[in-house]
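Visitor: Next one to model:
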Amino acid sequence: MGENIEEAMSALKSYKAKDATVKVVVLFKGVGNAPVLRQNMYQVTASNRFETVILFLRKKLGWSAQEPLYTYINSAFSPAPDDVVSSLFKAFGTEGHLIVNYSTTMAWG
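Guide: Modelled structure (predicted):
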């Protein structure tokens, strides 16, 4: 019995280590009067929550948490901050990237 637990823990540890190295290419596109990033493609760890992408984008734009920032996937919907990047990519990835539109005002429903 103890051998099975050790084997399961080892498998879990190797899975977590492997998952930390998987990256998703995120393509940022400004909408409306939002500033355009000089570099608009970045690699993000797939196991991160979308909240991490929002914080990263705020840092790149030089915006504080008080400034409005609306994010959308494929110009269609706004994901929840606790959505996992890999899940969003699997469901809505386009041509090898996850397209994230961003705006200073609400752009889509």
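
Visitor: For Val36, what are phi and psi?
Guide: phi -90, psi 140 (degrees, to the nearest 10).

Visitor: Show the contacting residues for it.
Guide: Gly30 (Cβ atoms under 8 Å, 6 or more residues apart in numbering). C-beta here means a position set from N, CA and C on the backbone, and glycine is covered the same way.

Visitor: measure the residue nearest to Ala107 when sequence neighbours are not counted to Lys23 for me?
Guide: Nearest residue to Ala107 in three dimensions, chain neighbours excluded: Val31, at 4.9 Å (Cβ to Cβ, 6 or more residues apart in numbering). Separation of Val31 from Lys23 (Cβ to Cβ, to the nearest Å) stands at 25 Å.

Visitor: In stretch 77-89, which residues are buried?
Guide: Counting neighbours by 16 or more other Cβ atoms under 10 Å, one finds that the buried residues in stretch 77-89 are Pro79, Val85, Ser86, Leu88, Phe89.

Visitor: what's the spacing between the second one and Asn33?
Guide: Same thing as Val85. According to Cβ to Cβ, Val85 stands 27 Å off from Asn33.
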